[in-house]
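K.L.:
From the sequence below, what's the structure:
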Amino acid sequence: MACDRAITGDTVGDHGRRRLFRGTRRATYDDSTAGLNTDEVLAPAVDLLARLAGGGRALELGIGTGRVALPLARRGVPVHGIDLSRAMVARLRTKPGAETINVTIGDFATTRVDGAFSLVYLVFNTISNLTTQDEQVACFQNVAAHLAPGGCFLIEVGVPELRKLPPGQHVLPFHVSPTKFSFDIYDFAIQAMSSNYVEVVNGRGEYTSIPFRYVWPAELDLMARIAGLRLRDRWEDWTKEPFTAESRRHVSVWEKSVSS
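P.N.:
Predicted coordinates for the structure are as follows:
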């Protein structure tokens, strides 16, 4: 039977990340990602993750409401999750199959769980929820500590869209409609950004801002080297299309040496 264990104590950035997934954010998260829940989208991801797990255990960082973990567990892969949000995990627990998944409540940059894993994965830009470089480096080091020799760490994340910004501009709109305006704000000096949403609901305006730290593929490779991992593969997407200078995102896999 699955259980949820809590890791006590806060690390840098915990309080800010907790606020993102309380209340309304929890209630609307599944709706906001509904387009990612189709078999067409999930099947290539789950296929690749199952192959990388190779019959071993998988650890999902930022497991959330189980969008990826549940179908992966149905493939017979033992999945353990780490997530900071009790609210998101409570939503996961309402779904069929959740009883097979163990979850530890804590910050995935530093929280440790028992045992070794063949695969650790972090999808849907979640590495950017760690809003400092130190936290992102700590995440790689934490992953390396969880991986068995020969195990893999997979990240799915977008490529920063700075080429869309003309000189002197640091705000990039990405959605405009009569009732909603969404835009990113960049701070190039520290690789910080925020996604901002202004929405009119029942004649009243609501504003939400979510902080991130954007990170480049080469920077992730250096973080991996610091943690003792090496790049094994990088593709544009889950179907293994080649990663090019025009790619807007990447799926990257780093490997822990078998001699580690």
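K.L.:
Show me the helices in this structure, by range?
P.N.:
14-20, 24-32, 39-53, 69-74, 86-92, 133-146, 217-226 (DSSP state H).
K.L.:
Show which residues not belonging to the shortest one make contact with it.
P.N.:
Looking back up the chat, that one is helix 69-74. 42, 46, 49-50, 53, 58, 60, 63, 79, 81, 92, 95-98, 100-101 (Cβ atoms under 8 Å, 6 or more residues apart in numbering). (Glycine included, C-beta is placed from N, CA and C.)
K.L.:
ok so, going back, could you export the helices of the chain as CSV, including mean pLDDT?
P.N.:
Formatted as CSV, those follow (pLDDT from 0 to 100):
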stretch, mean pLDDT
helix 14-20, 47
helix 24-32, 52
helix 39-53, 95
helix 69-74, 98
helix 86-92, 96
helix 133-146, 98
helix 217-226, 98
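K.L.:
Out of those helices, which is closest to residue 253?
P.N.:
Closest to residue 253 of these, according to Cβ to Cβ: helix 39-53, at 6.9 Å.
K.L.:
Check which helices and strands the closest one is in contact with.
P.N.:
helix 69-74, strand 117-122, strand 147-158 (3 or more Cβ pairs under 8 Å, 6 or more residues apart in numbering; DSSP states H and E).
K.L.:
buried sites along the last one?
P.N.:
Burial within strand 147-158, assessed by neighbour count using 16 or more other Cβ atoms under 10 Å, is assigned to 147-148, 151-157.
K.L.:
again, but for stretch 69-81
P.N.:
69-73, 77-81.
K.L.:
Most widely separated two among the residues you listed?
P.N.:
71 and 80 (15.7 Å).
K.L.:
Compute the number of surrounding residues for the closest residue to residue 113 other than its chain neighbours.
P.N.:
Leaving out its chain neighbours, the residue that sits closest to residue 113 by Cβ to Cβ, 6 or more residues apart in numbering is residue 104, at 5.1 Å. By the criterion of other Cβ atoms under 10 Å, residue 104 has 21 neighbours.
K.L.:
Can you give me the pLDDT of residue 104?
P.N.:
Note on residue 104: pLDDT of 98.
K.L.:
cool, and the one 5 residues further on?
P.N.:
As summarised for this prediction, residue 109 has a pLDDT of 98.
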